[in-house]
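*Asks:* Sequence plus predicted model, see below.
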Amino acid sequence: MDYFAQQLINGLVLGSIYGLIAIGYTMVYGIVGMINFAHGDIFMIGGFIALISFLVLVSLGLTAIPLILLIVLLVSMAITALYGWTIERIAYRPLRHSFRLAPMLSAIGMSFVLTNFSQVSQGARVKPVPPIITGGYTLHEGASGFAVQLSNIQIMVVLATIVVLALFTWLVSRTRLGRDMRACEQDQTMAALLGVDVDRTISMTFVIGAALAAVAGMMYLLYYGLVDFFMGFVAGIKAFTAAVLGGIGSLPGAMLGGLSIGLIETFWSAYFSVEYKDVAAFSILIVVLIFMPTGLLGRPEVEKV
Amino acid sequence: MSATSARPSPAAQPSGSAFILKKALISALVALVLFSLMIGVRTEAGPQGGLIYWTRFGDLAALVATVFGGSIVVELLRQWWGPVDKDSIVPKPVQSAISFAGRWLAPALLVFTFLVPVIFYNQRYILDLSILVLTYVMLGWGLNVVVGLAGLLDLGYVAFYAVGAYSYALLATNFGLSFWVCLPLAGILAAFWGVLLGFPVLRLRGDYLAIVTLAFGEIIRLVIINWQSLTGGPNGVSGIPRPTMFGIPLTPGDDGLAAKLGIEFSPTHRLVFLFYVILAMALLTNWVTIRLRRLPIGRAWEALREDEVACRALGINTTTTKLTAFATGAMFGGLAGAFFATRQGFISPESFTFQESALVLAIVVLGGMGSQLGVALAALAMIGGFELFRGLDQYRMLVFGIAMVLLMIWRPRGLIGHRAPTVFLERNQAISSDLVKEGHG
């Protein structure tokens, strides 16, 4: 039971990170109707920028950890958001009215560019950081000596996710931008006729998605204590799986899907085999798409001739 | 599907040096922010395990300056060329030129390919490279059946390549079966896996199909890595037997081909032999594809690509149509995989990553999707281009990615962006690719 509780905690933390990435996929899919293949790599870039800015800040002589973390968060969100904006501008916007495969292939190309860009610029080796947030609580000490741990960093990841999600939900449901985004999702032509700047709204979608991915990247860095140039690919596919599982296009669905994937992966590693945890995640993707193509919270797609 | 009105009309675009300068400045500024940390600061694990970093502001400045200059050049070129989006329908003279070139290019290329081992007999490097190119031509033609003809976007094609390679490697190393026995077996096994993948994805379309095939490819690779007792895991399978000429090995020994023919042994013989084997296999792929296109099943594939709903309404069984497309494509992938295994003599999961799938897909798309000649030319261009960057090993995939993005922007329909329909009423008319919409189904 204690073991189960511990895995539940671990799974929820991992799921929060996946959920944050999945929102980027689901938003872009909802509005532009394409799979932003490079989104996993945006997450990786976010992790790298958090790492580098952290290093620079520490060497500049800052000692207050909360202040550093706040600055790192803001810097990595800002720069990663700019990455998202630039990528949309360069690789996707010229192809918006092209045939369906074109933006997808362009996105795959962009994903290669980002992966190899960070490999070339920062080297291929894994970058470890010492634990920045330490300490935690022992929730329950079992008779067998197994203790359920809840570390501070886990609390922080979950809290940050909740805060970011609350902000994001407010943005989508209450602001002008959010209204524009929902309008574009329903009908771009009509939205344009009613005075919504479609190009700007789509750009902002990518910017927000990238900023959320940056938060996920930073949380990943803090939680696992490492980044490497290849981490975006697998994380990206899993987050996409999460988005599909939750019902693509649905924002709460993405978070729900992320949590589910995180839990499934953690429990699979804990009770079956660690080696096949990625296989498990990918199999879920296939199974969900076959039996429940609209996902948990998605709307059924009407086929038009 | 959506607003063309949202796009500013070409006439409204401002020009003039102030505009260009402003644009270049903004680009440079964006580049400065983007690269400030990623290029300006280099991190590395230090000797004591902690991270150290050093700055590279010179590189950063150079890159930002390049972006500034590049932006000006691109903007000037754009104004010089005029508005980009005018390539809606291929003009008549270009059409006839293409069809004329197409008529003569293919036979000329074929004759030249046959003569490659004769012309370049003493240049091992070129022979090796042409074998590699032909392997990708075959893979491209195989994937073309799935993507180009049936319109099913497959991002996990490398899985079948892997199945074929491992089938031959394991059958040959464990049971001592020869290449020529294993080759059809590898093809059949890969086709079987193709059907296995085909079944679950029958209901999926477009992007969903792409992502499921991608997941499938990754699953195969992960299983190969982790099933160590069978596949040797990350260490791969080594000591895969070389192919024999119907039982006669190409070795310097007394029973070798050279001794039997009474000529002096040379290692080039094997290369030449491999070259003709893969050429024959590629041509077989091409011939089967061309023949299949004239059969009802090929027509059904093309109909499926153009419109799945209409296809179903006309009574075409989409299930068998999709499954046969997957199986046929997978079979050719498996055959190419078996050849890859015997050529290399060693295979490991590293050869079957997603990048490989993307490369083959890029070849098919660049080739214009559905055009046999285009795919061959694209494979030549891609692999040749890759070889050009061999020295810059690190930058190879970076350049590949950039090339893929630029190609999509410049020619989303590939180099040969039109195709002749297989069936026509009264007269044959080339269809501009902008009029068809594959990838929806």
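*Replies:* Sure thing, it's come through.
*Asks:* Chain A contacts on the stretch 201-350 of chain B?
*Replies:* By Cβ under 8 Å from any Cβ of the partner chain, the residues of the stretch 201-350 of chain B that approach chain A are B:201, B:203-204, B:206-208, B:210-212, B:214-216, B:218-219, B:222-223, B:226, B:309-310. All C-beta spots, glycine's among them, are computed from the backbone N, C-alpha and C.
*Asks:* can you do 7 Å?
*Replies:* Contact residues, the stretch 201-350 of chain B versus chain A (Cβ under 7 Å from any Cβ of the partner chain): B:203-204, B:206-208, B:210-212, B:215-216, B:218-219, B:222-223, B:226, B:309.
*Asks:* What is the most widely separated pair among the residues you listed?
*Replies:* Farthest pair in those (Cβ to Cβ) is B:Asn226 and B:Val309. Separation: 41.0 Å.
*Asks:* Comparing the two, which residue is more hemmed in?
*Replies:* Neighbours per residue (other Cβ atoms under 10 Å in any protein chain shown) separate B:Asn226 from B:Val309, with B:Asn226 holding more: 17 against 13.
*Asks:* quick one: pLDDT of that one?
*Replies:* pLDDT recorded at B:Asn226 is 90.
*Asks:* hang on, it packs against A:Ser273?
*Replies:* No. Using Cβ atoms under 7 Å, B:Asn226 is not in contact with A:Ser273; the gap is 8.2 Å.
*Asks:* Now the buried members of the residues of the stretch 201-350 of chain B next to chain A.
*Replies:* Applying a neighbour-count criterion of 16 or more other Cβ atoms under 10 Å in any protein chain shown, the buried members of those are B:204, B:206-208, B:210-212, B:215-216, B:218-219, B:222-223, B:226.
*Asks:* a markdown table please, covering those residues and showing secondary structure.
*Replies:* Below are these laid out as a markdown table (DSSP: H, G, I helix; E, B strand; the rest coil):
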| residue | secondary structure |
| --- | --- |
| B:Leu204 | coil |
| B:Gly206 | helix |
| B:Asp207 | helix |
| B:Tyr208 | helix |
| B:Ala210 | helix |
| B:Ile211 | helix |
| B:Val212 | helix |
| B:Ala215 | helix |
| B:Phe216 | helix |
| B:Glu218 | helix |
| B:Ile219 | helix |
| B:Leu222 | helix |
| B:Val223 | helix |
| B:Asn226 | helix |
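*Asks:* Return the member of those nearest to B:Leu185.
*Replies:* B:Val223 (19.5 Å).
*Asks:* Give me the lowest-pLDDT entry from the residues of the stretch 201-350 of chain B next to chain A.
*Replies:* Lowest pLDDT among these: B:Gly206, 69.
*Asks:* circling back: could you dump the buried ones among the residues of the stretch 201-350 of chain B next to chain A into CSV with distance to A:Tyr223 added?
*Replies:* Shown next, in CSV, are those (distance: Cβ to Cβ, whole Å):
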residue, distance to A:Tyr223
B:Leu204, 34
B:Gly206, 35
B:Asp207, 30
B:Tyr208, 31
B:Ala210, 31
B:Ile211, 26
B:Val212, 29
B:Ala215, 25
B:Phe216, 30
B:Glu218, 24
B:Ile219, 26
B:Leu222, 23
B:Val223, 28
B:Asn226, 25
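*Asks:* For B:Gly253, state which of these is nearest.
*Replies:* Using Cβ to Cβ, these come closest to B:Gly253 at B:Val223, 38.4 Å.
*Asks:* On the pLDDT front, check B:Phe424 for me.
*Replies:* 57.
*Asks:* hang on, I meant B:Ser99
*Replies:* At B:Ser99, pLDDT is 67.
*Asks:* residues contacting A:Gly253?
*Replies:* Counting by Cβ atoms under 7 Å, 6 or more residues apart in numbering or on different chains, A:Gly253 touches A:26, A:246-247, A:295-298.
*Asks:* Which elements pack onto the helix or strand of chain A with the lowest mean pLDDT?
*Replies:* Every helix and strand of chain A was ranked by mean pLDDT, DSSP states H and E. The lowest is strand A:136-141, at a mean of 79. Packing partners of strand A:136-141 (3 or more Cβ pairs under 7 Å, 6 or more residues apart in numbering or on different chains; DSSP states H and E): strand A:147-151.
*Asks:* Tell me how many other residues crowd the closest residue to A:Gly178 other than its chain neighbours.
*Replies:* Nearest residue to A:Gly178, sequence neighbours excluded (Cβ to Cβ, 6 or more residues apart in numbering or on different chains): A:Val172, at 3.9 Å. Neighbour count of A:Val172, defined by other Cβ under 10 Å: 17.
*Asks:* for B:Leu170, same thing?
*Replies:* By other Cβ under 10 Å, neighbour count at B:Leu170 equals 19.
*Asks:* Same question for B:Met245.
*Replies:* B:Met245: 15 neighbours (other Cβ under 10 Å).
*Asks:* pretty sure it is touching B:Phe273, no?
*Replies:* Yes. B:Met245 is within contact range of B:Phe273, at 6.3 Å (criterion: Cβ under 7 Å).
*Asks:* got a list of what the residue nearest to A:Ile132 when sequence neighbours are not counted touches?
*Replies:* The shortest distance from A:Ile132 to any non-neighbouring residue, by Cβ to Cβ, 6+ apart, is to A:Leu222 (6.0 Å). Applying Cβ under 7 Å, 6+ apart to A:Leu222 gives the contacts A:132-133, A:153.
*Asks:* ok, those vs chain B, which is closest?
*Replies:* A:Ile132 (11.9 Å; Cβ to the nearest Cβ).
*Asks:* Confirm that the closest one sits in a helix.
*Replies:* No. Checked against three-state DSSP, A:Ile132 lies outside a helix; its state is coil.
*Asks:* Next one: it from A:Val163, what distance?
*Replies:* 19 Å (Cβ to Cβ, to the nearest Å).
*Asks:* All the strands of chain B, in order from the start?
*Replies:* When secondary structure is read from DSSP state E, chain B shows strands at B:41-45, B:51-55, B:237-238, B:346-347, B:418-419, B:431-432.
*Asks:* I'd like those laid out as JSON lines, including mean pLDDT.
*Replies:* Converted to JSON lines, the strands of chain B look like this (pLDDT from 0 to 100):
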{"stretch": "strand B:41-45", "mean pLDDT": "83"}
{"stretch": "strand B:51-55", "mean pLDDT": "83"}
{"stretch": "strand B:237-238", "mean pLDDT": "87"}
{"stretch": "strand B:346-347", "mean pLDDT": "90"}
{"stretch": "strand B:418-419", "mean pLDDT": "52"}
{"stretch": "strand B:431-432", "mean pLDDT": "52"}
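*Asks:* and the stretch 201-305 of chain A, which residues reach chain B?
*Replies:* When proximity is defined by Cβ under 7 Å from any Cβ, the stretch 201-305 of chain A lies next to chain B at A:237, A:240, A:275-276, A:278-279, A:282-283, A:285-286, A:289-290, A:293, A:303, A:305.
*Asks:* Scan the residues you listed and report the most crowded one.
*Replies:* A:Phe240 (30 neighbours).
*Asks:* Tell me the spatial nearest neighbour of that one, not counting adjacent residues.
*Replies:* A:Tyr25 (5.1 Å).
*Asks:* which residues sit in contact with the one residue sitting closest to the centre of chain B?
*Replies:* Taking Cα atoms, centre = their mean as the criterion, B:Val360 is the residue nearest the geometric centre of chain B, at 1.6 Å. Contact partners of B:Val360, counting by Cβ under 7 Å, 6+ apart, are B:136, B:139-140, B:143, B:157.
*Asks:* and which of the residues you listed is nearest A:Gln7?
*Replies:* Distances from A:Gln7 to the contacts of B:Val360, taken by Cβ to Cβ, are shortest for B:Tyr157, at 36.4 Å.
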